[in-house]
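J.: My questions concern the predicted model and sequence given below.
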Amino acid sequence: MTYPIVPEGLEKFGNFFTRWIGRFILRIMGWRVEGGFPDYRKFVMIVAPHTSNWDFFIGITTVFAIGFRGRWLGKHTIFKKPFGSYMKWMGGIPVDRSKAENVVDQVVERIKDADTIVLGMSPEGTRKKVPHWKTGFYRIARGADVPIVPVTLDYRSKTIKICPPFILTGDQESDIAYLQEFFDGDSAKYPEKY
C-alpha cells in the first residue's frame, strides 16, 4: 500500500523506524489510507466520526505511518507527568477550558504565528449523538483564514480517507452542512453514538 506524501512546507515527523511502526500497526489492524494532503502549509483537519478512544489511537498511528507532524488539542490534565512531555512530542497542545480566556482565540493566534501547522480536531466535540456539530473547529479555521480538510474514519471498510480541502465561504450553516456530507455513510466504531 502507498501512503500520502507529505508536501514540502509541512512539518515532518519521525523517521524511517517510526513510519515503519505506524504502517505495520495499521497493516495488522487491517486499516488503509486513501487520498493525499493538499499543498497548504496550514490547515485544520477535521476527523470524524469520533465515538471511541480507538479513534485517537488510529489517528496517531496514521500520523506515524505518514510521517507528518499533526497538532491536536487536549485537556491540560493529560499533559501532566509522567506522560506530559510525550503527549507534547506527539503534537498535543494543552488547553485549560476552565480558564476565562477564549480557547478559539488562543488557537487562532497559535495558527497565525506558526510557519506551518496541521491542527487535527473532532468537529462534534463529544462522544454522544448531537443534533448539530459544535462550531469551534469552524471558528478556528475562519479566524486563522485556513482551509478545512475532512478526514473520515470508516470502521466498516477500515479506511482513513483524506478528502480534498474546503475553503470556507463565511456562511457557517451552509459550510458545515457541506462538510458533514463527507462523513455520510461512514461507519463509526460505535454507530449508535454518532
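T.: On my side now, so go ahead. Numbering: from 1, shown residues only.

J.: Nearest residue to Met1 in space, ignoring adjacent ones along the chain?
T.: Spatial nearest neighbour of Met1, chain neighbours left out: Arg32 (5.6 Å); criterion: Cβ to Cβ, 6 or more residues apart in numbering. No exception for glycine: its C-beta is placed from N, CA and C like everyone else's.

J.: shouldn't that neighbour be in contact with Thr159?
T.: Yes: shown here, Arg32 and Thr159 form a contact pair, counting by Cβ atoms under 8 Å, at 5.7 Å.

J.: neighbour-wise, which of the two wins?
T.: The neighbour count for Arg32 versus Thr159, taken as other Cβ atoms under 10 Å, is higher for Thr159 (17 against 14).

J.: Settle this for me: that one is touching Gly30, isn't it.
T.: No: counting by Cβ under 8 Å, Thr159 stays clear of Gly30, with 9.9 Å between them.

J.: circling back: report the contact partners of the residue nearest to Met1.
T.: Met1, Leu26, Lys158, Thr159, Ile160 (Cβ atoms under 8 Å, 6 or more residues apart in numbering).

J.: Which of the residues you listed are buried? Put it as a PyMOL command.
T.: A single PyMOL command selects the buried members of the contacts of Arg32 (16 or more other Cβ atoms under 10 Å):
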select buried, resi 26+159+160
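
J.: could you dump the contacts of Arg32 to a markdown table with pLDDT and distance to Met45?
T.: Shown next, in a markdown table, are the contacts of Arg32 (pLDDT from 0 to 100; distance: Cβ to Cβ, whole Å):
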| residue | pLDDT | distance to Met45 |
| --- | --- | --- |
| Met1 | 70 | 20 |
| Leu26 | 96 | 17 |
| Lys158 | 92 | 19 |
| Thr159 | 91 | 16 |
| Ile160 | 91 | 11 |
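
J.: Cool, thanks, talk later.
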